[in-house]
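how does the following fold in three dimensions:
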Amino acid sequence: MKALKLKDGDFVKNEAGEWEANEGKDEILQEIKHSIQLWLGEFFIEPDEGVNWKKILQDGDTVLLRAEITKILDRNPRITRIRRVEILEFNRANRALKVRIEATADESIILSDALQIPSLAEVA
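Alright, predicted model coming up:
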């Protein structure tokens, strides 16, 4: 699959002014990162999607955070095996997260990256 490339929440254009696309591993990691940033109930079409950031930020519960990220990976039909989800950094004050994910997607793509999730803006 392909998806428009995102950087800092904006679509990316190349020097020629054309939209850039992600595919393969980069596209899957971008999808996972976007899902982690989604607040529970934020997307009105699927209110059960997203992370319970309100509770996590209130309590600082990294066990719940790890469980929520694992749930996101579990719900993604392209993820065929989850090997590890590790919270590397979690800064409640700055609402920043760094998480290492090791998983297999589409039966052959190995995901093993530390995703930096910057500043989680609160949804009203």
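
residues in contact with the residue of the chain most remote from its centre?
In terms of distance from the mean C-alpha position of the chain, Ala16 ranks first, at 29.0 Å (CA atoms, centre = their mean). With contact set as CB atoms under 8 Å, 6 or more residues apart in numbering, Ala16 has no partners. Placement of C-beta: from N, CA and C, glycine included.

centre of the chain to stretch 56-69, how far?
For stretch 56-69, the separation from the chain centroid amounts to 14 Å (computed by CA atoms, centre = their mean, to the nearest Å).

ends of that stretch, how far apart?
With CA to CA, to the nearest Å as the measure, the ends of stretch 56-69 fall 12 Å from one another.

what residues does that stretch touch?
Outside stretch 56-69, the residues within contact range by CB under 8 Å, 6+ apart are 36, 51-52, 55, 85-87, 90, 92, 95, 97, 99, 101, 120.

state the pLDDT value of the residue farthest from the centre of the chain.
Predicted confidence (pLDDT) for Ala16: 93.

cool, and the one 3 residues further on?
According to the predicted model, the pLDDT of Trp19 comes to 91.

residues contacting it?
For Trp19, the set of contacting residues under the criterion of CB under 8 Å, 6+ apart consists of 4-5, 11-13.

again, only using 7 Å
Trp19 makes contacts with 4, 11, 13, as judged by CB atoms under 7 Å, 6 or more residues apart in numbering.

now swap in Leu6 and tell me
Listed by CB under 7 Å, 6+ apart, the contact set of Leu6 reads 12, 30.

now it: how far from Asn94?
Taken as CB to CB, to the nearest Å, the spacing of Leu6 relative to Asn94 amounts to 21 Å.

where along the chain do the helices fall?
Across the chain, reading from the start of the chain, the helices by DSSP state H fall at 25-37, 53-59, 62-75.

among these, show me which one is buried the most.
With neighbours defined as mean count of other CB atoms under 10 Å, the helices of the chain peak in mean count at helix 25-37, which reaches a mean of 18.

quick check, pLDDT for Ala121.
Turning to Ala121, the model gives it a pLDDT of 57.
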